[in-house]
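*Asks:* Sequence and predicted structure are below.
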Amino acid sequence: MGPRSGATLDLATRKWWRAVGRRVDLAGEHAWLAAPVSRGPLVGDGWLHDEAARLGGQVRDGVPGAGLLADVAVLDGPGFRAADLAPEVRAFYEHTADWRMEVWTGWTPLFWPGGELVSRLFGRRVGQLALPMRPLDVAHGMDSRVSVISDADGTQRAAGWLRTLRSTGEYVFSGCYSARRLPGADRPSVHVAFPLEHGNVQVFLRPDVDPDGSLWLRSPGGRFGTDGAYVVVEDGGASYAARAPIHEEFHVHLDREGVLRTDHDLRLWAADVVRLHYRLEPRARA
């Protein structure tokens, strides 16, 4: 697909989300949906410095032991205590840069053709949300980079987690991770925003901890303003948002041999679409 065709498709997609969504005030009532966007069609890591500038801070790359969250305890509240997590689970989120990952994917046959079409038309073209379609796509593993986004005081406000295919260097995911409390919520959620040109896809994940110390992160269905997936677009000088019928579940746990693993299930409404499995290992110290 050429640049002109891609631009036309992206514009039409934004118009569609505008039509099914609602107008939102990202500087006021709906500030909980304010998140990074990409100013161009190719996402990559270009949004990082824009987000740091919005916060009056900076992007810090190469921070030893950088994590998606500076302290998982920021999620503490009724029904969740970071202190109950297995040490390895907590270490992964607080020191993500210290971990290496291997990935396996399994698509439901019914959804594979649609996933391939979306990957070709959008994911691989823009370098964002390019879910691996075949086992060989991730046979050599996935590399990740954590960029800390700090405010003017040097406090971590968010983290960019950029994942690329080790074999080709192509972007798979480029996300902004933080903790964020939804309106009326009893405790914070894990907030992930995936920038797109003049918009983004956002997921609010509710954390829970099992007696064995494993972590569950879930984005269920529900009303606007609760945990789940959202699409936000900029169009005509205004912003619009809609809930997306995408539901995710992550289970971060230790297996019987003490290896840290993550099962990631993605559903469309109630239908299983794809499962990703991650094996997480501490990086060798130099």
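*Replies:* Yep, that arrived.
*Asks:* Please count neighbours and contacts with C-alpha atoms only from this point.
*Replies:* Will do.
*Asks:* Report the central residue of this protein.
*Replies:* The residue lying closest to the centre of the chain (Cα atoms, centre = their mean) is Val192, at 4.1 Å.
*Asks:* what sits up against stretch 200-210?
*Replies:* 33, 35-37, 75, 79-81, 84-85, 188-195, 215-219, 226-233 (Cα atoms under 8 Å, 6 or more residues apart in numbering).
*Asks:* List only buried entries from those residues.
*Replies:* 33, 35-37, 75, 80-81, 85, 188-195, 215-219, 226-233 (16 or more other Cα atoms under 10 Å).
*Asks:* Filter those down to the ones in strands?
*Replies:* Assigned to strands by DSSP state E, the following of the buried ones among the contacts of stretch 200-210 qualify: 189-195, 215-219, 228-233.
*Asks:* Isn't Trp269 up against Ala244?
*Replies:* No - taking Cα atoms under 8 Å as the definition, Trp269 is not a contact partner of Ala244, at 9.1 Å.
*Asks:* and these two? which has more neighbours close in?
*Replies:* Neighbours per residue (other Cα atoms under 10 Å) separate Trp269 from Ala244, with Ala244 holding more: 18 against 13.
*Asks:* Quick one: residues contacting that one.
*Replies:* Gly228, Ala229, Tyr230, Val231.
*Asks:* how many neighbours does the spatially closest residue to the second one that is not a sequence neighbour have?
*Replies:* The shortest distance from Ala229 to any residue other than its chain neighbours is 4.4 Å, reached at Val203 (Cα to Cα, 6 or more residues apart in numbering). Residues contacting Val203 under the criterion other Cα under 10 Å number 26.
*Asks:* Whatever helix or strand Val203 lives in pairs with which strands, and in what direction?
*Replies:* Per DSSP states H and E, Val203 falls inside strand 199-209. Applying DSSP bridges, strand 199-209 is found paired with strand 189-196 (antiparallel), strand 215-219 (antiparallel), strand 228-235 (antiparallel).
*Asks:* Can you add mean pLDDT and distance to Asp45 and give those strands back as JSON lines?
*Replies:* What follows is the strands paired with strand 199-209, written out as JSON lines (pLDDT from 0 to 100; distance: least, Cα to Cα, whole Å):
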{"stretch": "strand 189-196", "mean pLDDT": "98", "distance to Asp45": "10"}
{"stretch": "strand 215-219", "mean pLDDT": "99", "distance to Asp45": "25"}
{"stretch": "strand 228-235", "mean pLDDT": "98", "distance to Asp45": "19"}
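*Asks:* Now do the helix or strand of the chain with the lowest mean pLDDT: everything it contacts.
*Replies:* For the chain, the helix or strand with the lowest mean confidence is helix 124-126, at a mean of 86 (criterion: mean pLDDT, DSSP states H and E). By Cα under 8 Å, 6+ apart, the surrounding residues in contact with helix 124-126 are Pro41, Leu42, Val43, Gly44, Ser119, Ala130, Glu170, Tyr171, Val172.
*Asks:* Which members of the residues you listed occur in strands, if any?
*Replies:* Tyr171, Val172.
*Asks:* which residue ranges form the strands in the chain?
*Replies:* Under DSSP E, the chain gives strands at 22-24, 58-60, 99-107, 142-150, 156-165, 171-180, 189-196, 199-209, 215-219, 228-235, 238-244, 246-254, 260-268, 271-282.
*Asks:* Out of those strands, which one sits most buried?
*Replies:* strand 189-196 (a mean of 26; mean count of other Cα atoms under 10 Å).
*Asks:* Any idea how far apart the tips of stretch 116-133 sit?
*Replies:* Taking Cα to Cα, to the nearest Å, stretch 116-133 runs 6 Å from one end to the other.
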